[in-house]
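**Q** pasting a predicted model and its sequence here:
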Amino acid sequence: MPELPEVETVRKSLAPLIIGKQIKQVGTDWPKILINGLPAFHKALIGTTVINIDRRGKYLLLRFSDERTVVSHLRMEGKYELVANSRQPKDKFVHVWFTFTDGTQLRYRDMRKFGRMQLVATGTENQVVPGLAKIGPEPTAATFTVADFQQRLRRHHKPIKSVILDQSVVAGVGNIYADETLWLAKIHPETPANRLTLTEVTALHDAIITELAAAIAAGGTSAHTYVDAQGNRGSFQDHLHVYDREGTPCDRCGTIIEKIKVGQRGTHFCPFCQKVHQ
DNA sequence: TAATCCGCCTGAGGGC
DNA sequence: TGCCCTCAGGCGGATT
C-alpha cells in the first residue's frame, strides 16, 4: 500500500514523464473515482498542460496550466503508468486515463477501485479537499518538532498505533511504517498515546523522520503490488524489522514477532523489546 | 470532541 | 476442481 515514501517515489518518477504534456482527452470506466465526475474533468482539463507534480502526505497534486489541480489519492492499490500509444489495449484494472496530444497516455490502475481524484482550483486544495484541510505536519518539515508532536499525542488516549495512523497528527504514516517506527522506538503499539514519556515521544519522532527518509532513499517498500510510475519496485522491504514478519525472530533480541489487531489493523511487534506500559 | 464501526472493493488463500 | 468464506486496509461518514 502506498504510504508517504511510495507516493514521493511515484511523484519523482512520474514528473519527468508527463510534465509539459498537453491533455487531449480524459476517460474512465469507473466514474466514482473522479469525485467531481468525468464531465467536470473533461471540461476543465482539455487543452491544459501538466506543469508540475507536488505531494502532501499521501496525496499527489498534479498541477495543470489554467490554475487547475488534480488531487490524487492512491489508497490501497492505485498506480500510474505512461504508455507510448493510447490505442494500446487496457487491462481490466485501468480505470482512468489521460490522453496527451502527442499520442501517449497516462493510465491510472487500481485493482480495488479505492483511489480517488478530485479536481480543484490550484491553491484551494487545503480548503476543498477534506483530507488536506486537517492534515498534520510533514515528517520532513521543520514544523514537525518534538514539542508539537507531544502536544498532538496528548489529545488522544487511544493506542499510539492508531494515533500515528491519524493523518491529522502526522502526515504520511501508514500501517507498515507505523509498525516499523514503533519497533524502532521500542514502544508497545497499544500504549495510550497520552501516556508516552518525553523520551518515548522523542524516540518515536526521530524514528518517523529517519525511517521515512530511508524508505524514500530506497524507492519505497514493495509490499503487495506497489511499483513506481516507471514500473520499478522499491527495495525498502529488505529493511523491515516487524511488518509482515510474524513468527520470525526479532532482529534485536531474537524473540518471536507477534501479530495482533489494534484499532482493527493488523499490527506487528516484538513482545520483549516493546513492553506494555505500566 | 473523541472513539468506534461500517462501507467501499476484489484478489488471495484456506477449508471443505 | 470448484465453491464459499474471510482477510487485507485508507479514508469518509455515521453512530455511539
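**A** Now that the structure is in, tell me what you want to look at. Residues are numbered from 1 along each chain as shown, chains lettered A, B, ... in the order given.
**Q** residues touching the residue lying closest to residue A:29 once chain neighbours are set aside, list them.
**A** The shortest distance from residue A:29 to any non-neighbouring residue, by Cβ to Cβ, 6 or more residues apart in numbering, is to residue A:95 (5.8 Å). (C-beta placed from N, C-alpha, C; glycine too.) Residue A:95 is in contact with A:28-30, A:33, A:108-110, A:113, counting by Cβ atoms under 8 Å, 6 or more residues apart in numbering.
**Q** ok, and which of those residues reach DNA strand B?
**A** When contact is defined as Cβ under 7 Å from any atom of the strand, these meet DNA strand B at residue A:113.
**Q** and of the contacts of residue A:95, the nearest to DNA strand C?
**A** Ranked by distance to DNA strand C (Cβ to the nearest atom of the strand), the contacts of residue A:95 are led by residue A:113 at 9.1 Å.
**Q** that closest one and residue A:31 touch, don't they?
**A** No: with contact defined as Cβ atoms under 8 Å, residue A:113 and residue A:31 do not form a contacting pair (10.8 Å).
**Q** coming back round to it: where does the residue nearest to residue A:29 land in three-state SS?
**A** At residue A:95 the chain is in strand, as set by DSSP: H, G, I helix; E, B strand; the rest coil.
**Q** how near is it to residue A:143?
**A** Using Cβ to Cβ, to the nearest Å, residue A:95 is found at 35 Å from residue A:143.
**Q** got it, and residue A:25?
**A** 40 Å.
**Q** more crowded one of these two?
**A** Between residue A:25 and residue A:143, counted using other Cβ atoms under 10 Å, residue A:25 has the larger neighbour count: 14 against 8.
**Q** am I right that that one is in a strand?
**A** Yes: looking at residue A:25 with three-state DSSP, it is inside a strand.
**Q** OK, contacts around it?
**A** A:42, A:46, A:98-99.
**Q** switch the cut-off to 6 Å
**A** Applying Cβ atoms under 6 Å, 6 or more residues apart in numbering to residue A:25 gives the contacts residue A:99.
**Q** could you report the neighbour count for the residue of the stretch 1-150 of chain A found nearest DNA strand B?
**A** The nearest approach of the stretch 1-150 of chain A to DNA strand B comes at residue A:112, 3.8 Å away (Cβ to the nearest atom of the strand). Using other Cβ under 10 Å, residue A:112 has 10 neighbouring residues.
**Q** now do the contacts for the nearest residue to it once chain neighbours are set aside.
**A** Closest residue to residue A:112 apart from its sequence neighbours, by Cβ to Cβ, 6+ apart: residue A:77 at 5.1 Å. Residue A:77 is in contact with A:110-112, counting by Cβ under 6 Å, 6+ apart.
**Q** could you tell me the phi and psi values at residue A:77?
**A** phi -130, psi 0 (degrees, to the nearest 10).
**Q** coming back round to it: I'd guess the residue of the stretch 1-150 of chain A closest to DNA strand B is in a helix, am I close?
**A** No: counting by three-state DSSP, residue A:112 is not part of a helix but coil.
**Q** just the pLDDT for it.
**A** The confidence metric pLDDT takes the value 87 at residue A:112.
**Q** what secondary structure does the residue nearest to residue A:240 when sequence neighbours are not counted sit in?
**A** Leaving aside its chain neighbours, residue A:240 sits nearest to residue A:180 (6.1 Å; criterion: Cβ to Cβ, 6+ apart). State at residue A:180, reduced to three classes by three-state DSSP: helix.
**Q** thanks again, I'm all set now.
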